[in-house]
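1. after the sequence you'll find the predicted model.
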2 protein chains.
Amino acid sequence: MKKLINNPKDVVEEMVGGYVKAHPSYVKQLPENERSIVTARKTREGKVGVLIGGGSGHEPGFMGYVGEGMADGVAIGNIFASPSPDPILEVTKAIDKGAGVAYLYGNYAGDVMNFGMAAEMADLEEDIRVKAALATDDVASALKEEKEKRRGIAGEFFVFKAAGAVADFGYNLNDVIRVAQKANENTRSMGVGLSPCSLPQTGEPSFDIGDDEMEIGLGHHGEPGIEKGVIETADKVAERLVHDILADIELNKGDKVAVLVNGLGSTPRMELYIIFRRVEQILNENGIVIYRSYVGDYITSLEMGGCSVTLMKLDEELERTIDHSVDCPMFVQK
Amino acid sequence: MKKLINNPKDVVEEMVGGYVKAHPSYVKQLPENERSIVTARKTREGKVGVLIGGGSGHEPGFMGYVGEGMADGVAIGNIFASPSPDPILEVTKAIDKGAGVAYLYGNYAGDVMNFGMAAEMADLEEDIRVKAALATDDVASALKEEKEKRRGIAGEFFVFKAAGAVADFGYNLNDVIRVAQKANENTRSMGVGLSPCSLPQTGEPSFDIGDDEMEIGLGHHGEPGIEKGVIETADKVAERLVHDILADIELNKGDKVAVLVNGLGSTPRMELYIIFRRVEQILNENGIVIYRSYVGDYITSLEMGGCSVTLMKLDEELERTIDHSVDCPMFVQK
């Protein structure tokens, strides 16, 4: 696949370099580590720091979500790879305002290890209290009985938004983590992949799929899904994705949800809205109330084709987090 | 190319249907015409109405830009085709608050004809004063001596933003049009295409290009560019695009610009930021000051691959339009 890049080994550094130059009023790179980006705006003493991170290639995730109402800082990994503990630790030190730091990331082995090591170093070497909440929203990635093994995909956006909001509200570290975990508990995603992306260093497709095929449950690094078959209509795909979500989380008539239809990279907004149209109909038929909808590219996989549907079941506390305004380079909500 | 759609002939209706259901607090469809979308929020009596429009497939352009600080309404065409006069007229009637309506659109024959007819009908049948400003920012689409023949591409975003802002400030129709025209006069874009999109009804690629080729100056409906060649590095591409812009508009040391690096659909943000990185370096070397940067998908062509660079030269009045906050479904600026 063609790419507008220079040397493939420089893509992350050059992307990050461009990013901080594009949005200097929002974000800055730490001098200690160029993979450490923090908000350029003043944050209140005593505010819990919110730290997100993960591999590159998921933009706007993760660096795009640093700003007011979301994260105070981000640690940046190589493409589809966890950041190492160093940039995580540097961000931790930079954003701690005396109230500790909440780590939010998707449930992947590399991230669990590296964020875990950074948390230990923050505690032992820097005396900074760190707690973590992991996103495990991908229904397709493990059975309900082993929910804790599930991967985090687009639902990470709701976890970041919820935690970012309550950290802004002045919640303490335990409560920020409690809300992040509740957001995750209440969130389910199901995705469909249509076409692969390619890594700049190899140029090879991230997975194999036939010209007329789709793959339900495909992970956002190309992890195998649960079913491969001939591509169906948007309505049928939406029905399948929502069906699997509703089979996994109890949603009753009158319950409110936030909805996210997330594009994986190359799928046009036109198709995302066509998917959303059917999602809305199904929720409506079930008496489930849409509190707010997000449709677009929120957590991508380079130029992968496909989308995911995410529902977060809301209570009053989560509604307030959805309502909270956000001002980040790649996501703004008034 | 694979698409998440139902019947190809229904894509626009279904997209629009999903869109208004996703953002009911922002936009609504007019009962008179389902291709007519207007803001769901109250607008002030005496405010100049701002009407945008064009073909579908360019999302967020154009329907995504209806909201506070941008457009009051949009008329929606088929994919890559002008809206017909009827939806334009219906939007005009709905958004006129007694101060007339500004039509803003790209310079394409079909749009010129249909918006022109609608303007005439608004005048003769409805006694609504309409004036139009066209975007002609695509440097590659005609020589400087025939600037008025140029097409509008991503620079339309700046024209919409400028006019939307001053309409909000309370400018009268003549002044809204004056500012829109100044925004256009001061804006230049240059694009590069890497890979085609396909229309849902045909499934055929919108243009032919080799596996290792790029096309400089390609239009955003696949109109032929000015040079086809082997794909170059991001830095070289950025240099070429900025070079052609700087050869076309006088920008001196100390001048301020707004920058837009726009993705055509399937090009990841990673690459757009790598392009931006070099754009910033060149402007910096020339002493040109970046006032604000926008990097992302602003005016797309379905899943086309490639990007464009747009510069708008600023004076104090245009700076204020850049600063103005916006709240639309697909673009928010605080």
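-> On my side now, so go ahead. Residues are numbered from 1 along each chain as shown, chains lettered A, B, ... in the order given.

2. please enumerate the strands of the stretch 1-150 of chain A.
-> Here the stretch 1-150 of chain A has its strands, by DSSP state E, counting those that start in this stretch, at A:27-30, A:33-39, A:49-56, A:73-79, A:101-106, A:130-135.

3. with respect to residue B:174, which of the ones you listed lies nearest?
-> strand A:27-30 (40.3 Å; Cβ to Cβ). C-beta: built from backbone N, CA, C; applies to glycine.

4. elements contacting the host helix or strand of residue A:306?
-> Using DSSP states H and E, residue A:306 maps to strand A:305-313. The helices and strands touching strand A:305-313, judged by 3 or more Cβ pairs under 8 Å, 6 or more residues apart in numbering or on different chains; DSSP states H and E, are helix A:156-169, strand A:187-195, helix A:234-246, strand A:256-263, helix A:269-285.

5. and if we set it to 6 Å?
-> strand A:187-195, strand A:256-263, helix A:269-285 (3 or more Cβ pairs under 6 Å, 6 or more residues apart in numbering or on different chains; DSSP states H and E).

6. got a list of what residue A:37 touches?
-> With contact taken as Cβ atoms under 6 Å, 6 or more residues apart in numbering or on different chains, residue A:37 is in contact with A:27, A:29, A:63, A:66, A:74.

7. let's see 10 Å
-> A:16, A:19-20, A:23, A:26-30, A:53, A:62-63, A:66, A:71, A:73-76, A:87, A:91, A:94 (Cβ atoms under 10 Å, 6 or more residues apart in numbering or on different chains).

8. show the buried residues in the residues you listed.
-> Burial by neighbour count, 16 or more other Cβ atoms under 10 Å in any protein chain shown: within these this picks out A:16, A:19-20, A:23, A:26-30, A:53, A:62-63, A:66, A:71, A:73-76, A:87, A:91, A:94.

9. of those, which are in range of chain B?
-> A:16, A:19-20, A:23, A:63 (Cβ under 10 Å from any Cβ of the partner chain).

10. closest to residue B:111 out of those residues?
-> Closest to residue B:111, out of all of those and judged by Cβ to Cβ, is residue A:23, at 33.0 Å.

11. quick check on that closest one: phi, psi?
-> phi -130, psi 50 (degrees, to the nearest 10).

12. in space, what's closest to it - neighbours in sequence excluded?
-> The shortest distance from residue A:23 to any non-neighbouring residue, by Cβ to Cβ, 6 or more residues apart in numbering or on different chains, is to residue A:329 (4.2 Å).

13. gap between that neighbour and residue B:197?
-> 27 Å (Cβ to Cβ, to the nearest Å).

14. with neighbour numbers in mind, choose between these two.
-> residue B:197 (27 against 22; other Cβ atoms under 10 Å in any protein chain shown).

15. isn't the more buried one up against residue B:267?
-> No - assessed by Cβ atoms under 10 Å, residue B:197 is found out of contact with residue B:267, at 11.7 Å.

16. so what sits against both of these two?
-> Common neighbours of residue B:197 and residue B:267 (Cβ under 10 Å, 6+ apart) are A:266, B:300, B:303-305.

17. show me what from the stretch 101-250 of chain A comes close to chain B.
-> A:192, A:194-195, A:197, A:200, A:209-214, A:231-238.

18. now, of these, which are buried?
-> Judged by 16+ other Cβ under 10 Å, buried ones among those: A:192, A:194-195, A:197, A:200, A:209, A:214, A:231-232, A:234-235, A:237-238.

19. let me see the mean pLDDT of stretch A:141-148.
-> Across stretch A:141-148, the average pLDDT comes to 95.

20. oh, I was asking about stretch A:52-59
-> 98.

21. just how off-centre is it within its chain?
-> 8 Å (Cα atoms, centre = their mean, to the nearest Å).

22. what does stretch A:155-175 give?
-> With Cα atoms, centre = their mean, you get 13 Å for stretch A:155-175.

23. hey, C-alpha coordinates of it in CSV?
-> Output in CSV follows, covering the C-alpha atoms of stretch A:155-175 (Å, rounded to 0.1, in the frame of the first residue of the first chain):
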residue,chain,number,x,y,z
GLY,A,155,-14.7,1.6,23.7
GLU,A,156,-11.5,3.0,25.1
PHE,A,157,-12.8,6.3,23.9
PHE,A,158,-15.6,6.2,26.4
VAL,A,159,-13.3,5.0,29.2
PHE,A,160,-11.0,8.0,28.5
LYS,A,161,-13.9,10.4,28.3
ALA,A,162,-15.5,9.2,31.6
ALA,A,163,-12.2,9.3,33.6
GLY,A,164,-11.1,12.6,32.0
ALA,A,165,-14.4,14.2,33.0
VAL,A,166,-14.5,13.1,36.6
ALA,A,167,-10.8,14.0,37.1
ASP,A,168,-11.9,17.5,35.9
PHE,A,169,-14.8,17.4,38.4
GLY,A,170,-12.3,16.9,41.2
TYR,A,171,-12.8,13.3,42.0
ASN,A,172,-9.9,11.6,43.9
LEU,A,173,-7.8,8.8,42.3
ASN,A,174,-9.9,6.0,43.7
ASP,A,175,-13.0,7.5,42.3
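
24. mean confidence score for that stretch?
-> Mean predicted lDDT for stretch A:155-175 stands at 98.

25. just checking, residue A:186 touches residue A:158?
-> Yes - applying Cβ under 10 Å, one finds residue A:186 in contact with residue A:158, separated by 8.3 Å.

26. list the contacts for residue A:47?
-> A:72, A:95-99, A:167-171, A:176.

27. ok, residue A:295 next?
-> A:259-263, A:269, A:272-273, A:275-276, A:279, A:307, B:18-19, B:21-23, B:64, B:329-330.

28. can you confirm it is in a helix?
-> No - in this structure, residue A:295 is strand, not part of a helix, as judged by DSSP: H, G, I helix; E, B strand; the rest coil.

29. pLDDT at residue A:202, what is it?
-> 88.

30. correction: the previous question concerned residue A:271.
-> Predicted confidence (pLDDT) for residue A:271: 98.

31. got the contact list for the closest residue to it other than its chain neighbours?
-> Spatial nearest neighbour of residue A:271, chain neighbours left out: residue B:4 (4.2 Å); criterion: Cβ to Cβ, 6+ apart. By Cβ under 10 Å, 6+ apart, the contact set of residue B:4 is A:192, A:194, A:214, A:231-238, A:263, A:267-268, A:270-272, A:274-275, A:305-307.

32. let me see the domain layout of chain A.
-> A:11-186, A:188-322 (automatic domain parsing).

33. sounds good, over and out.
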